[in-house]
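Asker: Need a 3D model of the following:
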Amino acid sequence: MQLFVKDLTVIDFSYLCPIRGMVGESWIVDVLLDGGLDEQNMVLDFSKVKKTIKNTIDDVADHRLLIPTACSEVRWQQKGDRVWMDFSSKLGDIHLACPSEAFALVPTEVIDFDSVNSFLIKALREALPDNVEGISLTLRNEVLDTPYYHYTHGLRKHDGNCQRIAHGHRSPITVFENGIAAPKWDQYWADRWQDIYLGSEEDVVDVSTLELSKQANVNDESHYGFHYQAPQGDFQLAMPRSCCDIIPHDTTVELLAQFIAETMAAKTPSSDFKVIAFEGIGKGAIAVK
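Answerer: Below you'll find the predicted structure:
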């Protein structure tokens with residue numbers, strides 16, 4: 001017998017890529033279970049599917065930075081609950097020092113649908129009851145016919161997992177100028193924030209103050225440094241300057257929508273703007289300027 005759930009959850013995360021650097025993503029998860037019927041004549045109660053499978057995926061991958069540990073460009077070390085991560089990409093080297101729960105270590109050379117699928121299924125097999133004999137996942141992007149961007153950020157003030165300094169989203173945007181859809185502005189932001197790290201101004205520090213690995217070779221001309229304390233611990237990051245956009249406030253989707261509207265109003269003061277900014281899939285904020 002097979003049981004399926006479409007659109008079970010969305011994974012919002014970032015990953016390291018040798019070509020693109022740090023990439024924010026949002027993937028939809030569909031699940032298919034194979035197995036015999038239990039004492040309730042079910043493969044698994046739908047409430048348990050949603051709770052057990054979604055919670056497991058959230059625990060091991062959601063709002064984390066996925067690291068392809070078999071990639072030759074990765075160097076990492078762990079001491080206790082702290083991990084130091086160094087990564088080389090064509091866009092520059094990336095360095096982090098964070099609590100271990102900020103990362104997901106995926107034994108693969110490249111982060112893609114297949115490698116993350118295998119990683120998640122391994123975790124799920126340990127969480128499901130014995131009558132569930134097989135599980136398969138479909139990971140997929142939201143189909144978009146409008147511009148979108150991939151961004152990574154961290155929210156130091158968040159009381160949940162958004163406080164992790166390197167998690168991200170794949171997000172569409174819709175801009176209206178004087179009440180009329182303005183695809184040129186949609187494309188402007190898709191280009192500006194493609195594979196970007198959105199850093200809060202208050203989190204920027206001199207990179208010389210960061211306690212990175214001994215392999216990190218960074219300076220303030222090549223990298224921005226980010227550092228903050230949050231409930232889950234101490235988060236530190238050095239990112240190539242070309243991969244960053246420094247925002248003068250927190251990077252919640254509400255303030256990003258406001259930032260986008262104010263930026264366009266400054267560029268075109270004779271126009272009124274409405275911005276519909278998404279944070280991943282199906283959620284976001286609206287700002288008017």
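
Asker: For the longest helix along the chain, output the C-alpha coordinates as PDB.
Answerer: In the chain, taking DSSP state H as the definition, the longest helix is helix 253-267. What follows is helix 253-267, C-alpha atoms only, in PDB (Å, rounded to 0.1, in the frame of the first residue of the first chain):
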ATOM      1  CA  VAL A 253      11.000  40.300   4.900                       C
ATOM      2  CA  GLU A 254       9.000  43.200   6.300                       C
ATOM      3  CA  LEU A 255      12.100  45.500   6.400                       C
ATOM      4  CA  LEU A 256      13.400  44.200   3.100                       C
ATOM      5  CA  ALA A 257      10.100  45.100   1.400                       C
ATOM      6  CA  GLN A 258      10.400  48.500   3.000                       C
ATOM      7  CA  PHE A 259      14.000  48.800   1.900                       C
ATOM      8  CA  ILE A 260      13.200  47.900  -1.700                       C
ATOM      9  CA  ALA A 261      10.300  50.500  -1.800                       C
ATOM     10  CA  GLU A 262      12.400  53.200  -0.300                       C
ATOM     11  CA  THR A 263      15.400  52.500  -2.600                       C
ATOM     12  CA  MET A 264      13.100  52.800  -5.700                       C
ATOM     13  CA  ALA A 265      11.400  55.900  -4.400                       C
ATOM     14  CA  ALA A 266      14.800  57.500  -4.000                       C
ATOM     15  CA  LYS A 267      15.800  56.600  -7.600                       C
END
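
Asker: ok, residues contacting it?
Answerer: Under the criterion C-beta atoms under 8 Å, 6 or more residues apart in numbering, residues 173, 175, 177, 185, 189, 198, 247-249, 271-279, 283-289 lie in contact with helix 253-267. Every residue, glycine included, has its C-beta placed from N, CA and C.

Asker: model confidence over it, on average?
Answerer: Averaged across helix 253-267, pLDDT comes to 97.

Asker: ditto for stretch 77-92
Answerer: On average, stretch 77-92 scores 96.

Asker: what about it, distance to the chain center?
Answerer: Put simply, stretch 77-92 sits 17 Å off its chain's centre (C-alpha atoms, centre = their mean, to the nearest Å).

Asker: in the host helix or strand of residue 12, what's buried?
Answerer: For residue 12, the host element (DSSP states H and E) is strand 2-17. Within strand 2-17, the residues scored as buried using 16 or more other C-beta atoms under 10 Å are 3, 5, 8, 9, 10, 11, 12, 13, 14, 15, 16, 17.

Asker: same thing with stretch 128-147?
Answerer: Those would be 128, 132, 135, 137, 139, 142, 147, for stretch 128-147 by 16+ other C-beta under 10 Å.

Asker: who does the fifth one bridge with?
Answerer: On the basis of DSSP bridges, residue 139 is bridged to residue 29.

Asker: after the helix or strand of the chain with the lowest mean pLDDT, next one along is what?
Answerer: Across the helices and strands of the chain, mean confidence by mean pLDDT, DSSP states H and E is lowest for helix 46-48: a mean of 61. Using DSSP H and E, the helix or strand that follows helix 46-48 in sequence is helix 54-60.

Asker: Please enumerate the strands of the stretch 151-289 of the chain.
Answerer: Using DSSP state E, counting those that start in this stretch, the strands of the stretch 151-289 of the chain run over 167-177, 180-181, 196-200, 204-205, 223-230, 233-240, 244-247, 273-278, 284-288.

Asker: closest one to residue 101 among these?
Answerer: Proximity to residue 101 (C-beta to C-beta) singles out strand 233-240 among the strands of the stretch 151-289 of the chain, at 8.2 Å.

Asker: Can you dump the C-alpha atoms of that closest one in CSV for me?
Answerer: Only the C-alpha atoms of strand 233-240 are listed here, as CSV (Å, rounded to 0.1, in the frame of the first residue of the first chain):
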residue,chain,number,x,y,z
GLY,A,233,25.2,30.8,20.5
ASP,A,234,28.0,32.8,18.8
PHE,A,235,27.8,33.3,15.1
GLN,A,236,30.7,34.5,12.9
LEU,A,237,31.0,34.8,9.1
ALA,A,238,33.4,36.3,6.6
MET,A,239,31.9,36.8,3.1
PRO,A,240,33.5,38.2,-0.1
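
Asker: Okay, now the sheet partners of that strand, with direction.
Answerer: strand 92-99 (antiparallel), strand 223-230 (antiparallel).

Asker: for the record, mean pLDDT for it?
Answerer: 98.

Asker: Tell me which residues of it come out buried.
Answerer: Buried positions in strand 233-240, judged by neighbour count with 16+ other C-beta under 10 Å: 235, 236, 237, 238, 239, 240.
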